[in-house]
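Undergrad: sequence first, predicted model second:
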Amino acid sequence: MKKALVCLIVVLLAGCSAPANRGRVTRTARKESSLLATPSHPLSFGNFELKPVELSPDISSRQEKVKVAKQFEGKLRERVLPLLEQWKAQENSPRTGGTLLIQPRLTVLRIVGAGVRFVAGQYSGQSTLEMDLELTDAATGAVLAKPHIMRTAGASMSLRSHDMAQLDYVVEIAYQYLVDNYRK
């Protein structure tokens, strides 16, 4: 019994501390991005503006969700802003001019806490993160695309790492969507 308990603790701690596998995240993002509707216009603008993440009323009314949403926004900005700067710096790129506004909106955020996951296990339910990524031509106000990105984490015993990895997946899908739809 004691040996089984030690093994369980080791497995739980390993799952809790292991970061999301970058290769798996990238492969999943490529696949998920390819399933999203293509924008009505290529995203090869002269300028880009990543707006702050907007939160649904359900998310903004709960402090613990706002905290996770801020982590998500930090990851999104860290991943997307260098890409946008790279695009702006390209001199030989056929760009249309104008500004592409990128407005992320978190609509659903449910991350099961480590304590709940440990005590309730699979009965604690799934973690879910949903985001609309609205892409707008600033000059005309035309919405070019509004892909809905959603990821869920099953009810496993990996504690919080699997649940929190959903932030990385959604960020990477958004990044990949921008890359896939930018025409050089």
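TA: Arrived safely, thanks for sending.
Undergrad: could you use CA atoms for every contact and neighbour count after this?
TA: OK.
Undergrad: what helices or strands is the helix ranked longest in the chain leaning on?
TA: The single longest helix within the chain, with elements called by DSSP state H, is helix 63-89. Contacts defined by 3 or more Cα pairs under 8 Å, 6 or more residues apart in numbering; DSSP states H and E place helix 63-89 against strand 47-50, helix 57-60, strand 99-110, helix 160-180.
Undergrad: after the first one, which helix or strand is next? Please name it.
TA: Beyond strand 47-50 in the direction of the C-terminus, DSSP states H and E gives the next helix or strand as strand 54-55.
Undergrad: packing partners of that following strand?
TA: strand 99-110.
Undergrad: hmm, who's touching the strand it packs on?
TA: When contacts are defined by Cα atoms under 8 Å, 6 or more residues apart in numbering, strand 99-110 is touched by residues 43, 45-56, 58-59, 65, 69, 126-139.
Undergrad: repeat that with 7 Å
TA: With Cα atoms under 7 Å, 6 or more residues apart in numbering as the test, strand 99-110 has contacts from 45-51, 53-56, 59, 65, 127-138.
Undergrad: and for stretch 85-95?
TA: Stretch 85-95 has contacts (Cα under 7 Å, 6+ apart) with 44-47, 184.
Undergrad: ok so, going back, highest mean neighbour count out of the helices and strands packed on helix 63-89?
TA: helix 160-180 (a mean of 23; mean count of other Cα atoms under 10 Å).
Undergrad: farthest pair within the contacts of stretch 85-95?
TA: By the measure Cα to Cα, 47 and 184 form the most distant pair in the contacts of stretch 85-95, at 13.9 Å.
Undergrad: could the helices and strands packed on helix 63-89 go into CSV alongside distance to residue 78?
TA: Converted to CSV, these look like this (distance: least, Cα to Cα, whole Å):
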stretch, distance to residue 78
strand 47-50, 11
helix 57-60, 22
strand 99-110, 14
helix 160-180, 10
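Undergrad: return a PyMOL selection command for the buried portion of the contacts of stretch 85-95.
TA: The PyMOL selection below is limited to those of the contacts of stretch 85-95 classed as buried (16 or more other Cα atoms under 10 Å):
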select buried, resi 44+45+46+47
